[in-house]
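J.: Okay, here's the prediction I keep looking at, along with the sequence it came from:
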Amino acid sequence: MRDLPITLLRTFVVVAETLNLTTAAGRLHRAPSTISMQLNRLEGLVSTALLERGQYGVRLTPAGDLLRAHAQLLLNQHDRILGAFLHGDIDGKVRFGTHDQYATRSLPPLLETFVLNYPEVRLEIQCDHRPDYLQSQVRQGKLDLALVEMPLLSHDGERLGGDELVWVRSPVHQAHLRDPLPLAVFVEGCYHRNAALQALAQWQKPCRIAFTSQSRAGVLAAVRAGIGVGIIPRSTLEEGLVVEAGLPPLPGTDVTLLVAAEANEATDRLAQIIRESPQFSCADHGMARVLHQLG
């Protein structure tokens, strides 16, 4: 019998998720050549091709699809076992607040890592589109940790990265040409909504709220249907949306981590997982970080 090393399976799962060796190498903090060697070794152990490599990336073979499902189950069980021995003494509760756009896109693999590695910790997650509300919840001790999108150069929290807001529309509808301009936005309190209304007012461009929703999925569904123009961070641009450059420029944003003044060890561990994630890093991470402890 042959043993399948956990390291090789972990590399394979990340490659299967990204379908790009360079992206996988960045996530695993290894050179692309090392990733290729690990994949070749794994294919040798199972005596079959797992990936088809091409000019624009890789794709899974039928054997690769089968191994991916088994490998993920094995990795989850491995991490639970290791977490129980290494971190079994870390318990308590972490109350975590964040935006819908993070909770549904960037955070799931990080939260999965945390849950598997700290099995005794109770994680409670609250999603809200209002950064001021989440910020106040941390200040009042009702949340232990929050990952929020703040206006550029805000002074609270720890800046993890930067982004910019952009106008988005459907490529097959002409909502951006209507007068007044119809908007598909979150309900009141959303930074995207406030920034858009301020930019349009400065341009003296008439607008109307055509669609509101509590969820990002609802807003983007309305944009795709041509009901209105939306506002999202550029890094979250999805298929079926195009950036509209003919509207007033929108401000930059900061990806900001807020930690309660009296955080427990479990909260500190989750905060560190988020800090170390490439999803929330940027080129000026080290230079422009703003450190303020919330009181």
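T.: Arrived safely, thanks for sending.

J.: Tell me where the longest strand sits in the chain.
T.: What stands out as the longest strand in the chain, according to DSSP state E, is strand 158-169.

J.: Can you name the element that comes right after that one?
T.: Under the assignment DSSP states H and E, the closest C-terminal helix or strand after strand 158-169 is strand 181-186.

J.: Might you report the residue contacts of the spatially most central residue of the chain?
T.: Averaging the C-alpha coordinates of the chain gives a centre point, and the residue nearest to it by C-alpha atoms, centre = their mean is residue 106 (1.9 Å). For residue 106, the residues meeting the contact criterion (C-beta atoms under 8 Å, 6 or more residues apart in numbering) are 277, 279-280. Bear in mind the C-beta positions are built from the backbone N, C-alpha and C, glycine included.

J.: top of these by neighbour count?
T.: Neighbour counts for the contacts of residue 106 were taken using other C-beta atoms under 10 Å; the highest belongs to residue 280, which has 22 neighbours.

J.: Can you tell me the number of residues neighbouring the residue lying closest to that one once chain neighbours are set aside?
T.: Nearest residue to residue 280, sequence neighbours excluded (C-beta to C-beta, 6 or more residues apart in numbering): residue 160, at 4.3 Å. Residue 160: 19 surrounding residues under other C-beta under 10 Å.

J.: Looks like residue 160 contacts residue 274 (just checking).
T.: Yes: contact between residue 160 and residue 274 holds when scored by C-beta atoms under 8 Å: they sit 7.3 Å apart.

J.: Next, show the common contact partners of these two.
T.: 257, 280.

J.: so what's residue 208 up against?
T.: Residues near residue 208 by C-beta under 8 Å, 6+ apart: 180-183.

J.: let's go with 6 Å and repeat that
T.: The contact partners of residue 208, taken as C-beta atoms under 6 Å, 6 or more residues apart in numbering, are 180, 182.

J.: ok, the contacts of residue 106 vs residue 114, which is closest?
T.: Out of the contacts of residue 106, the one with the shortest distance to residue 114 is residue 277. That distance is 11.0 Å, counting by C-beta to C-beta.

J.: show me the contacts for the closest one.
T.: For residue 277, the contact set (C-beta under 6 Å, 6+ apart) comprises residue 110.

J.: Tell me the confidence at it?
T.: On the pLDDT scale, residue 277 is placed at 84.

J.: what do you get for residue 104?
T.: The predicted local confidence for residue 104 comes out at a pLDDT of 84.

J.: any idea how far residue 269 is from residue 109?
T.: Taking C-beta to C-beta, to the nearest Å as the measure, residue 109 and residue 269 are separated by 16 Å.
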